[in-house]
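**Q** curious how this folds, go ahead:
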Amino acid sequence: MLTETVTSDIVVVGGGLAGICAAIGAARQGSRVALVQNRPVLGGNSSSEVRVWVCGATAHGIHLFARETGIMGELYVENQFRNPDGNPYYWDLLLLEKVRAERGIELFLNTEVSEVEADGPVDAREIRSVTGWMSGSERRITFRGGTFIDCSGDGLVGDLAGAESMRGSEPRETFGESWAPERPGEDMLGSTILFYTKDVGHPQKFVAPPFAVDISATSIPQNRVIRETMNGCDFWWIEWGGDLDAVHDNERIRDELQAVCYGLWDHIKNSGQYDADTLSLEWVGAVPGKREYRRFVGDHILTQDDVLGQTEFEDRIGFGGWSIDLHPVGGVYASEKGSRHWHPDGNYHIPVRALYSRNVSNLWMAGRDISASHVAFGSTRVMATCGVLGEAAGIGAAVAGRLGVGPRSLAADHVPELHRAMVRADASLLGVVDDDPANLALGAEVTSSSSKRTLASTRSTGRITLDHDLALVLPVDPTLGEVEFLVDAAEDTELLVELHSVSRPQNYLPAVRGRSVVVPVRRGRSWARADLDWEPDGAQNAVVVLRRNPLLEVHQGERAEPGTVTMRHRDLPPGEESPEQWRYWKETLHGTGICFRAISPTRAFGAEQAVGGYARPYGGPALWVSADAAEDPQPWLQLSWTVPQEIATIDLVLDDDVNEDLINLHHHRTPDDTMRTLVRSARLEALVGAQWQEIARLEENRERHRSFSLERPVRTTSLRVVVEDMNGARSAHLVALRAYGD
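**A** Residues are numbered from 1 along each chain as shown. Model (predicted):
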């Protein structure tokens, strides 16, 4: 049998979200990429073959302003528009289309890599090639490249190359992790198979196969929630095989999981306990969705303390936010809860040193096989975070190749270059400023037609009894003075208002209490005014807490002001054994908030916010917002230089409301197909001579990151974007305006 040879700059093995984002991220940097996937479809556990929800840093809305940007965010936002009902086949199609749109990617489906050529000493191996078999086509293909990215999930490429790896759980003493066991173990998170049902409108019978599990003879009905309305990933707890080898016992695990699925369906259909007469079984998975296997060792191993302590890595290349989410070894048959969770206070950083092998010099990894302890892996394993890490690995590999260095040298000596490439790509970074000397906007004077100067929501749409503490997150720049709240009092009483600062710029929880104000409130309706008198050292968020008083009703507003969120304090549930792990505050009144007026003017939304600085909320909203359309119907943002500039490319980063929790197969439904905060249409103009000349247009836009390469560079002293229409917001929103020469 002849062997074909494909030569690329970068070979990505694995076509799940990590591999997709790695391939696209590298291709957009100009690299030639071979993307090798062993299944007929892309998407891995998120594909129509497995159908797991894509979860990430928002943790189902636990964390605020946390949704991913970059390629993962691009997929989320486009899927929201195309696929409002969460059709898994439409998700497959979107992934395939995004990969095929990149001319630098050569895609190889149905290709199982099983051979790796590597040489060198144990502590300095180097991969020369990988070889796979393309089933159906009977092609044996060898992939050669300078760099390899293992996004296979199971980590076969790295293992065959001799990369140092870990499996199972490390003992507590290794990393000082309180959630690690006292002794090491081979136990891992199990695999899952899901099923879909459908109401066909007429009676349907179901005859269970003889191998179906008798659910009534197990503890499942007592220990797991079962409803006839559940579908797909609602049954995430159909998990098994944690005490087996997830790879070598894959078929045994698959058979047991399918037997559980059929047994559950038999229980729902035929036990008489459910209203399921017209329901039919529409789909049962045939591919187990694996959670855990090998984890490679990099120059840094991410740990529990890094996740919960939110370690401030200088070489950060992405972030996560899902809880440390560990499951019992017994899976579906376990008597304990199907999962336990420990949330960090906000999003945490992940370093580039966790994305490459410490003993294979040209091996990057992304997805389930990154350098993390078993406990930290309980958070990083979710697919949106895997996608973020894939993009980081792809960009990192491309930048390293361009510089002619290896991953370790990139991490040690070239982090600024890596960060600049990632910022320009709008990758998911927290706390990294745009300081790229190629961005001509950094040397410009920035002005605008207007900017939002006040924060207020005064139109009431209802009332909420203050029977729990409420908290209002407010951006503060430069001061926070008097704040008023619209309340109704059943009798004369008092409102206790507390000012809290947050512990980190990406956190939105009350951390350090400052000023407390007791506000007398007379019976009836009034604006309760509290003077909070705070002038922080720099722009940051404040959390204003309204303490519980059942005699008071707080009014609900019609909309949430930019950068603001209302949260509700939740009591510890009865029987909760770990109060330190309970998330007491969660957003409420999503998209609306409470009625309030901040009297002090703000500069949190000034024109200067759109140049340099951060490209996502961090210590504040980090965007320009114009005055309302009634006041400024054609808002503009302008760059001006003292000497003419040659501009060839203009980048816009628009506001896609990263506080809106999106999900690919719709665990929940977000009302708008297009984010209302996105600019819908705009024109880009350059001052040529004494006249403004249109040089590019944005029309029917539903994307966050738009780049315009001009047919001919324009020479100008002024550039502006004029917003003509939004997708529903009352004012113009712009995260960043950037300009580049050739």
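**Q** could you list the domains of this structure?
**A** For the chain, the structural domains run 3-170+294-398, 191-284, 440-451+605-740, 455-598, going by automatic domain parsing.
**Q** dump the ones you listed to CSV, plus mean neighbour count, distance to residue 404 and mean pLDDT.
**A** (Each C-beta comes from the backbone N, C-alpha and C, glycine too.) What follows is the domains of the chain, written out as CSV (neighbours: other C-beta atoms under 10 Å; distance: least, C-beta to C-beta, whole Å; pLDDT from 0 to 100):
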stretch, mean neighbour count, distance to residue 404, mean pLDDT
domain 3-170+294-398, 23, 10, 97
domain 191-284, 17, 36, 97
domain 440-451+605-740, 19, 23, 97
domain 455-598, 18, 34, 96
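**Q** tell me which of those domains sits nearest to residue 181.
**A** If you check each of those against residue 181 by C-beta to C-beta, domain 3-170+294-398 wins as the nearest, at 5.6 Å.
**Q** closest to residue 405 out of the domains of the chain?
**A** Closest to residue 405 of these is domain 3-170+294-398 (C-beta to C-beta; 10.6 Å).
**Q** how long is that closest one end to end?
**A** The first and last residues of domain 3-170+294-398 sit 27 Å apart, counting by C-alpha to C-alpha, to the nearest Å.
**Q** go ahead and produce CSV holding the CA coordinates of stretch 344-355.
**A** C-alpha atoms of stretch 344-355 as CSV (Å, rounded to 0.1, in the frame of the first residue of the first chain):
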residue,chain,number,x,y,z
PRO,A,344,-13.7,30.4,41.7
ASP,A,345,-14.7,33.9,42.5
GLY,A,346,-14.4,34.8,38.8
ASN,A,347,-12.5,33.8,35.6
TYR,A,348,-9.0,32.4,36.1
HIS,A,349,-6.0,32.6,33.8
ILE,A,350,-4.2,29.8,32.0
PRO,A,351,-0.5,30.1,31.1
VAL,A,352,1.1,29.2,27.8
ARG,A,353,3.5,27.0,29.7
ALA,A,354,0.6,24.5,30.2
LEU,A,355,0.1,24.1,26.5
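**Q** chain center to that stretch, what's the gap?
**A** Here stretch 344-355 is found 12 Å from its chain centre; the criterion is C-alpha atoms, centre = their mean, to the nearest Å.
**Q** same check on stretch 484-492?
**A** Offset of stretch 484-492 from its chain centre (C-alpha atoms, centre = their mean): 39 Å.
**Q** what lies in contact with the one helix or strand residue 173 maps to?
**A** Element membership of residue 173 [criterion: DSSP states H and E] is helix 172-175. With C-beta atoms under 8 Å, 6 or more residues apart in numbering as the test, helix 172-175 has contacts from 178, 180-182, 184, 301, 303-305, 373, 375.
**Q** list the buried residues in that helix.
**A** 172, 175 (16 or more other C-beta atoms under 10 Å).
**Q** just checking, next helix/strand downstream of it?
**A** Next in sequence after helix 172-175, counting helices and strands by DSSP H and E, comes strand 191-192.
**Q** ranges for the strands of the stretch 51-200 of the chain?
**A** 105-108, 111-119, 126-134, 139-150, 165-166, 191-192, 195-199 (DSSP state E, counting those that start in this stretch).
**Q** ok, which of those comes nearest residue 436?
**A** strand 139-150 (23.6 Å).
**Q** quick one: strands adjacent to that closest one?
**A** Using DSSP bridges, strand 139-150 pairs in its sheet with strand 3-13 (parallel), strand 126-134 (antiparallel), strand 363-365 (parallel).
**Q** mind listing the helices for this structure?
**A** 17-27, 70-82, 88-100, 156-161, 172-175, 220-223, 250-270, 304-308, 374-380, 383-403, 407-413, 415-424 (DSSP state H).
**Q** can you put these in CSV and add distance to residue 454?
**A** Putting these into CSV (distance: least, C-beta to C-beta, whole Å) gives the following:
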stretch, distance to residue 454
helix 17-27, 40
helix 70-82, 29
helix 88-100, 40
helix 156-161, 55
helix 172-175, 48
helix 220-223, 52
helix 250-270, 54
helix 304-308, 37
helix 374-380, 39
helix 383-403, 35
helix 407-413, 45
helix 415-424, 30
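**Q** so which of these gets nearest residue 114?
**A** Across the helices of the chain, the minimum distance to residue 114, taken as C-beta to C-beta, is reached by helix 156-161, at 7.5 Å.
**Q** who touches that closest one?
**A** 13, 113-116, 118, 125, 127, 130, 148, 150, 165, 294, 296, 357, 360, 363, 365, 369.
**Q** still on that earlier bit, determine which of the helices of the chain approaches residue 723 most closely.
**A** Using C-beta to C-beta, the helices of the chain put helix 70-82 closest to residue 723, at 18.7 Å.
**Q** what comes into contact with that closest one?
**A** Residues contacting helix 70-82 (C-beta under 8 Å, 6+ apart): 17, 20-21, 24-25, 54, 56, 67-68, 90-91, 94-95, 98, 384, 387-388, 390-391, 422, 425-428, 656, 658, 662-664, 670, 672-675, 702-705.
**Q** now with 7 Å, please.
**A** The contact list for helix 70-82, computed with C-beta atoms under 7 Å, 6 or more residues apart in numbering, reads 21, 24-25, 67, 90-91, 94, 98, 384, 387-388, 391, 425-428, 656, 662, 664, 670, 673-675, 702-704.
**Q** cool, and stretch 625-640?
**A** For stretch 625-640, the external contacting residues (C-beta under 7 Å, 6+ apart) are 441, 444-452, 562, 605, 607, 610, 624, 717-724, 730-734, 737, 739.
**Q** let's see it at 8 Å
**A** With contact meaning C-beta under 8 Å, 6+ apart, stretch 625-640 is reached by 440-441, 444-453, 562, 605, 607, 610-611, 624, 717-724, 726, 730-734, 737, 739.
**Q** ok, residue 496 to residue 547 distance?
**A** In this view, residue 496 and residue 547 are 4 Å apart by C-beta to C-beta, to the nearest Å.
**Q** ok, residue 103 next?
**A** In terms of C-beta to C-beta, residue 103 sits 59 Å off from residue 547.
**Q** again with residue 623
**A** Relative to residue 547, and taking C-beta to C-beta, residue 623 is found at 31 Å.
**Q** let's check: the centremost residue of the protein is which one?
**A** Central residue of the chain (C-alpha atoms, centre = their mean): residue 68, 3.3 Å from the mean position.
**Q** quick check: closest non-adjacent residue to that residue.
**A** Nearest residue to residue 68, sequence neighbours excluded (C-beta to C-beta, 6 or more residues apart in numbering): residue 428, at 4.6 Å.
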